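**Student:** build the 3D model from these lines:
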Amino acid sequence: MLQSKGVSDLLQAEKKAQDLIEEARKRKNKRIKDAKDEAKADIEYFKNDRDSQYKKLEEKTLGDRSTIEADIKQDTGKKIADLRSQYDQNKKELLERVIALVCDIKPECHVNARDFVKQNQ
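**Tutor:** Here you go, the predicted structure:
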């Protein structure tokens, strides 16, 4: 009987040790999970902080995008108006030059045809 009591005490002690080890593993896993969650939260906070700093710096450096767009539209409109005025000023002269070039026909024999005629004579 004494041996079976000793064996049962050992089994109980082993079970208690396994329970303690299991509890320790659970605490360890919980700490690891909490650390991961905290790290994710820190990373998200850091990312948001850096994004806001970047946007502030971008806005400070580049200025407001709406003013840039307005300046570009105004500049483009000005360039289009300049091109139209140049077109209006030069279109009559250009038409006269094109018509003169088209109407000024100088009939000449092509080089290959001239060589052919010379060979056959």
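**Student:** just the strands in this structure please.
**Tutor:** Using DSSP state E, no strands are found in the chain.
**Student:** tell me the domain ranges of the protein?
**Tutor:** When the chain is parsed with automatic domain parsing, its domains come out as 1-63, 64-121.
**Student:** could you export the ones you listed as TSV, including mean pLDDT?
**Tutor:** What follows is the domains of the chain, written out as TSV (pLDDT from 0 to 100):
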stretch	mean pLDDT
domain 1-63	91
domain 64-121	88
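**Student:** any idea how far residue 96 lies from residue 106?
**Tutor:** Distance, residue 96 to residue 106, by CB to CB, to the nearest Å: 19 Å. Every C-beta, even on glycine, is put in place using the N, C-alpha and C of the backbone.
**Student:** how about the helices in the protein?
**Tutor:** In the chain, the segments counted as helices under DSSP state H are 2-62, 65-103, 111-120.
**Student:** mean neighbour count added to these, as TSV?
**Tutor:** Listed next are the helices of the chain as TSV, based on neighbours: other CB atoms under 10 Å:
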stretch	mean neighbour count
helix 2-62	10
helix 65-103	10
helix 111-120	9
